[in-house]
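Visitor: need the 3D shape of this:
(one chain, ligands or ions: 2)
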Amino acid sequence: MQQITRVIGGTVWSEDGPLQADLVLDAEGKVEALEVRGSQDTGARDEKGPRLEEGGVIDATGLWLLPGAVDVHVHFRDPGLVESEDFLTGSAAAALGGVTTVLDMPNTLPPVGDPGALGEKIRAVAGRSYVDYGLFGAAVAEREDDLLAAVEAMAALGACGIKVFLGPTTGDIQAPGWGALYELCRHFGKSGLVFTFHCEDRDVIQRARARRRRLDPADYQSLLQLRPRFGELLATDGVLRLALETGARVHIAHVALKEAVVAIAQAKRWGAQVTAETCPQYLLLSDGDYPVHGPAMKALPPIRSAGDREALWQGLLEGAIDLVATDHAPHRRERSAHEAVWEPPFGIAGVQTMLPLLLDQALQGACTVSDVVRWTSANPARAYGLYPQKGSLLPGADADVALVDPEAEWRVDETWWKGKSRNTPFWGRRGKGLPVATLVRGRLVSWQGSLAAEPQGRFLANSAVRR
Ligand code: DOR
Ligand code: ZN
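Guide: Residues are numbered from 1 along each chain as shown. Ligands and ions are numbered 1, 2, ... in the order given. The predicted structure follows:
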């Protein structure tokens, strides 16, 4: 395990732009200082890739230093569903992808709907993560009668947020009704506890199921009809209203629709404490890509039209959407091209590919590198009360660093992939801009495509919650 003391010669990126600076780390793995270099240093050198020198110094000449990405939406399937992923493999994939903090969703087994299950999960994953991590609890229908107590106790154990699955998805965790959610959000309105919503309306989806008989099981449009836009928009509007009426901190997961972007922007103008995320798959794909990618692009909510895709980019650039997360949803089971488009499993394994995909977009001019930092580090850390300890390289922050070679070409293939499941539409994709080394609290965790340390990720018990 290598403790790094300095990273010299690189370009340090923040939300505000690039800085030619050396990063100085203290013995606790925090940023001690950023030492700005003279403008004559062009960063040119002959040798490619980072170089590790005596005394824990990394020569990063020609490379970029980004605050490690904070992926606020992963499903590492641990405990209970570990044939698809576990914390070791999921966090290894994160580390190689430049992700230094993950927040893990509660649809594991048993579902994390009460303090007992959360305590069990905290113990089960301890010592098995390469990156720092938070764990969600869930608000579940079974606990509707003592919801406040269950959520209070999960918050006390350090849950990073409370997930509410308004529509059916992997694990089929049912949400309490709107009345109970209203009470819940009123109760925790001023606490800072984040309520994260999967916005698809269960009733709308259940009614739509009857249409299956009349739909073509091979046509992607059938899936879109069975998960109607109406269901997503109704749930989104309800959640925004909940935020407005109660003052609760609300986060909307995986936004996929144009009208949702408009509604979120409006709710923000009206003063809602709301943040919103989208995912690389919604930014890079649309329904027209199904003939190419097939079932590998099945996710919930579904990937929709090119018009939605463009509205999501616009929403990010204008700030209606705050951040990008992966919804890393590994499934070991092979999906057959012959199964109906509406059959599970749904989801895309994406924790390793988010930063490469977005950096490639930045290098092609779709956005700036600072945008990528804002969407994948600073804003996600802010959304969950982790900023500036996470999501920044300001003095005093944890030295979580993604070292990126902007010239390196990447290909999503088995030589690089660390996850257990390969369900991604980006398999085989090529691009430019590759995380080549990752530091977590100053420790070298990955180096040139390999793991470089034992799993020493820490549980980030949420201290942002005022109780
Ligand atoms: O596609 C999805 N997969 N959407 C979700 O909401 C859950 C996820 C999973 O856990 O598989
Ligand atoms: Zn998810």
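Visitor: the longest helix seen in the chain packs against which elements?
Guide: The helix spanning the most residues in the chain, taking DSSP state H as the definition, is helix 229-246. Applying 3 or more Cβ pairs under 8 Å, 6 or more residues apart in numbering; DSSP states H and E, we find helix 229-246 packed against helix 178-187, helix 202-208, strand 249-252, helix 258-269. Where you see a C-beta, it was placed from the backbone N, CA and C, and this is true even at glycine.
Visitor: quick one: is the second one near ligand 1?
Guide: No. No part of helix 202-208 sits near ligand 1 under the criterion Cβ under 6 Å from any ligand atom; the closest distance found is 12.2 Å.
Visitor: report the buried residues of that helix.
Guide: For helix 202-208, the neighbour count (16 or more other Cβ atoms under 10 Å) marks 202, 204, 205, 208 as buried.
Visitor: likewise for the last one?
Guide: Buried residues in helix 258-269, defined by neighbour count with 16+ other Cβ under 10 Å: 258, 260, 261, 263, 264, 265, 267, 268.
Visitor: same deal with stretch 107-123?
Guide: Applying 16+ other Cβ under 10 Å to stretch 107-123 flags 107, 108, 111, 112, 113, 114, 115, 117, 118, 120, 121, 122 as buried.
Visitor: the first one against residue 138, yeah?
Guide: Pointing back at residue 107 there. Yes. Shown here, residue 107 and residue 138 form a contact pair, counting by Cβ atoms under 8 Å, at 7.3 Å.
Visitor: need the overlap of contacts for those two.
Guide: Residues touching both residue 107 and residue 138 by Cβ atoms under 8 Å, 6 or more residues apart in numbering: 163, 165, 173.
Visitor: who touches the last one in this structure?
Guide: For residue 173, the residues meeting the contact criterion (Cβ under 8 Å, 6+ apart) are 106, 107, 111, 113, 138, 140, 165.
Visitor: same thing but 10 Å
Guide: By Cβ atoms under 10 Å, 6 or more residues apart in numbering, residue 173 lies in contact with 105-107, 111-113, 138-142, 163-165, 198.
Visitor: next: the first one.
Guide: Listed by Cβ under 10 Å, 6+ apart, the contact partners of residue 163 are 73, 103, 105-107, 111-113, 136-140, 173, 175, 194-198, 251, 253.
Visitor: repeat the analysis, applying 8 Å as the threshold.
Guide: Here residue 163 is in contact with 105, 106, 107, 136, 137, 138, 139, 196, 197, 198, 253 (Cβ under 8 Å, 6+ apart).
Visitor: could you do the second one as well?
Guide: Residues in contact with residue 165 (Cβ under 8 Å, 6+ apart) are 107, 138, 171, 173, 174, 175, 198.
Visitor: Three-state assignment for the fifth one, please.
Guide: Okay, so that is residue 174. Of the three states, residue 174 takes coil under DSSP: H, G, I helix; E, B strand; the rest coil.
Visitor: for the closest residue to it other than its chain neighbours, grab phi and psi.
Guide: With Cβ to Cβ, 6 or more residues apart in numbering as the criterion, residue 174 has its nearest non-adjacent residue at 4.0 Å, and that residue is residue 141. With angles defined as degrees, to the nearest 10, residue 141 sits at phi -60, psi -40.
Visitor: now residue 111. Nearest residue, chain neighbours left out?
Guide: residue 173 (5.2 Å).
Visitor: what's the spacing between that neighbour and residue 155?
Guide: Computed as Cβ to Cβ, to the nearest Å, the residue 173 to residue 155 distance reads 18 Å.
Visitor: ok, the residue nearest to residue 329 when sequence neighbours are not counted - contacts?
Guide: Spatial nearest neighbour of residue 329, excluding adjacent residues (Cβ to Cβ, 6+ apart): residue 347 at 2.4 Å. Residue 347 is in contact with 75, 170, 298, 299, 300, 327, 329, 330, 331, 423, counting by Cβ under 8 Å, 6+ apart.
Visitor: so what's the closest residue to residue 2 other than its chain neighbours bridging to?
Guide: The shortest distance from residue 2 to any residue other than its chain neighbours is 4.2 Å, reached at residue 444 (Cβ to Cβ, 6+ apart). Legend: beta-bridge partners of residue 444 under DSSP bridges are residue 439.
Visitor: now do residue 444, the pLDDT please.
Guide: Here, the pLDDT recorded for residue 444 equals 98.
Visitor: count of neighbours near it?
Guide: 22 (other Cβ atoms under 10 Å).
Visitor: what's the answer for the one 3 residues further on, then?
Guide: Residues lying near residue 447 (other Cβ under 10 Å) number 21.
Visitor: ditto for residue 454
Guide: Residue 454: 10 neighbours (other Cβ under 10 Å).
Visitor: repeat that for residue 305.
Guide: Count around residue 305 with other Cβ under 10 Å applied: 16.
Visitor: for it, give me its contacts.
Guide: Taking Cβ under 8 Å, 6+ apart, one finds 286, 287 in contact with residue 305.
Visitor: cool, and residue 112?
Guide: 106, 118, 121, 135, 136, 137, 138, 154.
Visitor: check which helix or strand covers the residue of the stretch 101-250 of the chain found nearest ligand 1.
Guide: Nearest residue of the stretch 101-250 of the chain to ligand 1: residue 170, at 3.3 Å (Cβ to the nearest ligand atom). For residue 170, there is no host helix or strand (DSSP states H and E).
Visitor: tell me how far the ends of stretch 367-386 are from each other?
Guide: Using Cα to Cα, to the nearest Å, the end-to-end distance of stretch 367-386 comes to 25 Å.
Visitor: chain center to it, what's the gap?
Guide: Offset of stretch 367-386 from its chain centre (Cα atoms, centre = their mean, to the nearest Å): 11 Å.
Visitor: can you redo the helices and strands packed on helix 229-246 as CSV with mean pLDDT and distance to residue 339?
Guide: Shown next, in CSV, are these (pLDDT from 0 to 100; distance: least, Cβ to Cβ, whole Å):
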stretch, mean pLDDT, distance to residue 339
helix 178-187, 98, 34
helix 202-208, 97, 19
strand 249-252, 98, 30
helix 258-269, 98, 29
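Visitor: now distance to residue 96 too, for these, in JSON lines please.
Guide: Output for the helices and strands packed on helix 229-246, formatted as JSON lines (distance: least, Cβ to Cβ, whole Å):
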{"stretch": "helix 178-187", "distance to residue 96": "38"}
{"stretch": "helix 202-208", "distance to residue 96": "36"}
{"stretch": "strand 249-252", "distance to residue 96": "26"}
{"stretch": "helix 258-269", "distance to residue 96": "31"}
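Visitor: residue 240: which of the ones you listed is closest?
Guide: Closest to residue 240 of those, according to Cβ to Cβ: helix 258-269, at 4.0 Å.
Visitor: so which elements touch the closest one?
Guide: helix 229-246, strand 274-278, helix 306-318.
Visitor: any stretches of this protein with poor pLDDT?
Guide: In the predicted model, the chain carries pLDDT under 70 at residues 1, 39-49, 463-467.
Visitor: tell me where it has helices.
Guide: Counting by DSSP H, one finds helices in the chain at the ranges 87-96, 115-125, 147-156, 178-187, 202-208, 220-226, 229-246, 258-269, 280-284, 290-293, 306-318, 354-363, 369-373, 379-383.
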